[in-house]
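> okay, structure incoming, though there's no sequence with it:
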């Protein structure tokens, strides 16, 4: 345990400059982490970029297929027919919703990637011409 240095009047408070430095550092870290993610040119793999929509599409497709199976069971099974008729369309709609959301998400990510590349290009042009 580190004991803070005593100030000239004898109290054990840290000097105000040290407190100010700590609070500024926390806000600077927050700002730099936000801006760093926007302007870094570190290339990410396609899996890093598209893994969330791919997972949503695959889960949606699986639920949709499960809904098809349950709905078709309601046609062939006499026992528990009402349960199959109620659950089948629910799984169909949930799976279709996830499937469509994932499929729409992919072009949105592609558009954002193109915009990010354009902004990085413009940033390098600005820095080249204005920093001379």
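Thanks, I have it. This one's a predicted model, so the numbers in the text were calculated from it and none came from an experiment.

> ok, which stretches of the chain are helices?
16-39, 46-76, 81-130 (DSSP state H).

> among those helices, show me which one is buried the most.
Most buried of those by mean neighbour count (mean count of other CB atoms under 10 Å) is helix 46-76; its value is a mean of 15. Placement of C-beta: from N, CA and C, glycine included.

> okay if I get the helices of the chain as CSV plus mean pLDDT?
Formatted as CSV, the helices of the chain follow (pLDDT from 0 to 100):
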stretch, mean pLDDT
helix 16-39, 47
helix 46-76, 91
helix 81-130, 88
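
> what's in contact with stretch 95-113?
49-50, 52-67 (CB atoms under 8 Å, 6 or more residues apart in numbering).

> and what of stretch 44-56?
98, 101, 102, 103, 105, 106, 109, 113.

> between those, which is nearest residue 80?
residue 98 (25.8 Å; CB to CB).

> give the closest residue to that closest one in space, chain neighbours not counted.
Among residues not flanking residue 98 along the chain, residue 60 sits closest, at 2.9 Å (CB to CB, 6 or more residues apart in numbering).

> give the contact list for the one you found.
Contacts of residue 60 (CB under 8 Å, 6+ apart): 94, 95, 96, 97, 98, 99, 100, 101, 102.

> can you tell me how far it is from residue 99?
Using CB to CB, to the nearest Å, residue 60 is found at 3 Å from residue 99.

> for residue 74, same thing?
Residue 74 is 21 Å from residue 99, by CB to CB.

> with residue 109 instead?
As for residue 109, its distance to residue 99 is 16 Å (criterion: CB to CB).

> now swap in residue 64 and tell me
The value you get for residue 64 to residue 99, if CB to CB is used, is 6 Å.

> same thing with residue 92?
10 Å.

> identify the contacts common to these two.
residue 64.

> against residue 110, how distant is residue 46?
11 Å.

> likewise residue 96?
For residue 96 relative to residue 110 (CB to CB), the value is 22 Å.
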